[in-house]
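Asker: model this:
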Amino acid sequence: METVLNLVEKHCGNDLKAYGDCIDKHQPDFEAPCQQLKLSLTKCAEDNVESVRSVKQKCAVQISSYEACVQTNPADTHLKCADAVKQLYACTHSDAYKEAKDSAHAMINK
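Answerer: Below you'll find the predicted structure:
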């Protein structure tokens, strides 16, 4: 059974490498210069990896909450967004997510 990251790498390897290289090149302020590459990687993963699509649907509220917190608190995200991270983690590890993940893996292994 392949992990989500392995599937993303398999289907979006060029996007993943380009985004990683951009982050390395623009540390510590990589958000703005790497934004387009991040969006490209996200779209590729959503289009090609069922488990990514599933978690984005199942945990949309938690993802949105986390993203809003990060936008609002860019300097101290790790302190101000801890609750949002916990809620997102709980969602991605919930029974509903596990069902979606198992279903996606079953489709892949057909």
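
Asker: Asp29 in helix, strand or coil?
Answerer: Under DSSP: H, G, I helix; E, B strand; the rest coil, the three-state class of Asp29 is coil.

Asker: So in the chain, which helix runs the longest?
Answerer: helix 4-25 (DSSP state H).

Asker: Which neighbouring elements make contact with it?
Answerer: helix 31-48, helix 50-58 (3 or more CB pairs under 8 Å, 6 or more residues apart in numbering; DSSP states H and E). For glycine as for every other residue, the C-beta is placed from the backbone atoms N, C-alpha and C.

Asker: How far away from the center of its chain is the first one?
Answerer: Helix 31-48 sits 10 Å away from the centroid of its parent chain (CA atoms, centre = their mean, to the nearest Å).

Asker: relative to helix 50-58, how tilted is it?
Answerer: 110 degrees (axes from the mean of the first three to the mean of the last three CA atoms, to 10 degrees).

Asker: Could you pull up the mean pLDDT of helix 31-48?
Answerer: What helix 31-48 shows for mean pLDDT is 94.
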